[in-house]
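In: How does the following fold in three dimensions:
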Amino acid sequence: MREERKVGYLLLFASLMVVASFVVKLSSASAQAAEPSAAEARKVAARVNGEPIYEDQLKPEVEKSLAVFRRYGMRKENPDLVRQQQAKVLDKVIGDVLINQESKKRTIENIDEKVEQRIKDLEKKFGAGEGMERYLKIRKITLDQLRESLKPRVRVDEYLKEQGVLDPEIPEERIRKMYDEDPQSFSSKESVRVSQILIAVDPHAGPEGREQARQKAEQIRKGILAGKDFAEMAKKHSNSKSASAGGDLGRPIKKGDLPPELEKVAFALEEGAVSEPVEEKFGWHILKVSEKHPAGVVPYAQMRAFLKKYLQEEESKKKLAEHIAELKKKSKIEVLLK
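Out: Now for the predicted structure:
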């Protein structure tokens, strides 16, 4: 049971690294539901307070759901399963439309300022100037079109904040209790932070070629020991993809992450130490360990932010489901999907 729970926490942790905050995304179905063009040729799956949702707008999400079943061995689509997934997606879209409709009834103060803040956040993520230009090019929109597309999202987020759905408050004792119930679930493996310089060797090179590479690696190491900066030497000499980052591999390394030849040396090095050249099939590596973290239970102080986010996610989902259920009670919803 403890192992199952630990795996669950780790999987959730991975998802939270991608999802920085809980946001209800309006589906393409709800975003396009009011399009009048060719409406006569499209089948209506449902109407929400008179607003149509079309069957073809459900297809992308239904296809995603069915793809999961295919990955687990489904060879032929079961009509009952397809209808089940259509109904599931439709229910989600109905909820999106209801939230969107309610958000439009509110006047959002300083909405333009909030939109500009979203753009600044995107610039931090993708980079201002050329970074944003690439982002806009990939999405095939202009900056003004981006601003307009962000307004519904801002409106929805502000509405959900007003309803207590986004970023709900979690009492400190509840966060602490979750940790105290099973602290062993938050154990961590031994890890090291490693930088490397790789002097690559052609796969077809003979002993002489490998020896020349070793000698070059040894000269680089001597230069580092004499006071030259490891990161600068990596940028100048390393054939690894990590060269531009000064050789830093970018994340803590756990046992099993590196080839055995490198792992043995990396975990044996003292913090701050530089290894002798280590031979591996791609060439000769010089390793430097900048941090060492022993195995053990991660302290509460380090886990608190993650646990709070986890509990906020759970509370947000619960509050959203309850709020949509209330909206459904006072709305006219016609489901026409067969």
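In: now stretch 279-293, how far from the centre of its chain.
Out: In terms of CA atoms, centre = their mean, to the nearest Å, the centre of stretch 279-293 is set 28 Å apart from its chain centre.
In: Could you pull out the buried residues of that stretch?
Out: 283, 284, 285, 286, 287, 288, 289, 292 (16 or more other CB atoms under 10 Å). Glycine gets a C-beta too; all of them are placed from N, C-alpha and C.
In: One more: stretch 77-92?
Out: Under 16+ other CB under 10 Å, the buried positions of stretch 77-92 are 85, 86, 89, 90, 92.
In: Secondary structure element for the fourth one, which one?
Out: So the one you mean is residue 90. Element membership of residue 90, judged by DSSP states H and E, is helix 79-104.
In: other SSEs contacting that helix?
Out: helix 28-32, strand 44-48, strand 51-54, helix 59-71, helix 143-162, helix 300-329 (3 or more CB pairs under 8 Å, 6 or more residues apart in numbering; DSSP states H and E).
In: quick one: low-confidence ranges for the stretch 1-150 of the chain?
Out: Scanning the stretch 1-150 of the chain for pLDDT under 70 picks out 1-40.
In: First-to-last residue distance for stretch 102-120?
Out: End-to-end distance of stretch 102-120 (CA to CA, to the nearest Å): 27 Å.
In: swap in stretch 238-251?
Out: With CA to CA, one end of stretch 238-251 sits 18 Å from the other.
In: Not counting it itself, show me its contacts.
Out: Here stretch 238-251 makes contact (CB atoms under 8 Å, 6 or more residues apart in numbering) with 193-200, 230-232, 234-235, 237, 283, 288, 290.
In: Can you give me the buried ones in that stretch?
Out: 238, 240, 242, 243, 246, 247, 248, 249.
In: still on that earlier bit, distance to residue 207 and mean neighbour count added to the helices and strands packed on helix 79-104, as JSON lines?
Out: Output for those, formatted as JSON lines (distance: least, CB to CB, whole Å; neighbours: other CB atoms under 10 Å):
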{"stretch": "helix 28-32", "distance to residue 207": "60", "mean neighbour count": "19"}
{"stretch": "strand 44-48", "distance to residue 207": "70", "mean neighbour count": "20"}
{"stretch": "strand 51-54", "distance to residue 207": "68", "mean neighbour count": "20"}
{"stretch": "helix 59-71", "distance to residue 207": "47", "mean neighbour count": "13"}
{"stretch": "helix 143-162", "distance to residue 207": "58", "mean neighbour count": "16"}
{"stretch": "helix 300-329", "distance to residue 207": "49", "mean neighbour count": "15"}
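In: Dump the ones you listed into JSON lines; add distance to residue 135 as well.
Out: What follows is the helices and strands packed on helix 79-104, written out as JSON lines (distance: least, CB to CB, whole Å):
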{"stretch": "helix 28-32", "distance to residue 135": "19"}
{"stretch": "strand 44-48", "distance to residue 135": "32"}
{"stretch": "strand 51-54", "distance to residue 135": "29"}
{"stretch": "helix 59-71", "distance to residue 135": "22"}
{"stretch": "helix 143-162", "distance to residue 135": "9"}
{"stretch": "helix 300-329", "distance to residue 135": "26"}
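In: Tell me which of the ones you listed lies nearest to residue 215.
Out: Residue 215 lies closest to helix 300-329 among the helices and strands packed on helix 79-104, at 43.8 Å (CB to CB).
In: re earlier: of all the buried residues of stretch 238-251, which comes closest to residue 224?
Out: Using CB to CB, residue 247 is the member of the buried residues of stretch 238-251 that sits closest to residue 224, with 10.6 Å.
In: which residue packs closest to that closest one, ignoring adjacent ones?
Out: Spatial nearest neighbour of residue 247, excluding adjacent residues (CB to CB, 6 or more residues apart in numbering): residue 234 at 3.3 Å.
In: what's the neighbour count on that neighbour?
Out: As a burial measure, residue 234 scores 25 neighbours (other CB atoms under 10 Å).
In: how about it, what does it touch?
Out: By CB under 8 Å, 6+ apart, the neighbours of residue 234 are 195, 196, 197, 240, 242, 243, 246, 247.
In: so residue 252 makes contact with residue 292?
Out: No: the pair residue 252 / residue 292 is not scored as a contact, 9.7 Å apart, by CB atoms under 8 Å.
In: what is in contact with those two at once?
Out: 191, 192, 193.
In: pull the CA atoms of stretch 159-176 into PDB?
Out: In PDB, the C-alpha atoms belonging to stretch 159-176 read as follows (Å, rounded to 0.1, in the frame of the first residue of the first chain):
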ATOM      1  CA  TYR A 159     -14.800  33.900 -12.600                       C
ATOM      2  CA  LEU A 160     -13.500  30.700 -11.100                       C
ATOM      3  CA  LYS A 161     -11.400  32.600  -8.600                       C
ATOM      4  CA  GLU A 162     -14.600  34.400  -7.600                       C
ATOM      5  CA  GLN A 163     -16.300  31.100  -7.100                       C
ATOM      6  CA  GLY A 164     -13.400  29.800  -5.000                       C
ATOM      7  CA  VAL A 165     -12.500  27.100  -7.500                       C
ATOM      8  CA  LEU A 166      -9.000  28.400  -8.500                       C
ATOM      9  CA  ASP A 167      -6.200  28.300  -5.900                       C
ATOM     10  CA  PRO A 168      -8.400  27.400  -2.900                       C
ATOM     11  CA  GLU A 169      -7.000  28.000   0.600                       C
ATOM     12  CA  ILE A 170      -5.600  24.800   2.300                       C
ATOM     13  CA  PRO A 171      -5.200  24.900   6.100                       C
ATOM     14  CA  GLU A 172      -1.600  24.300   7.200                       C
ATOM     15  CA  GLU A 173      -2.700  21.500   9.500                       C
ATOM     16  CA  ARG A 174      -4.200  19.600   6.500                       C
ATOM     17  CA  ILE A 175      -0.900  19.900   4.600                       C
ATOM     18  CA  ARG A 176       1.100  18.800   7.600                       C
END
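In: That's all I had, so thanks and see you.
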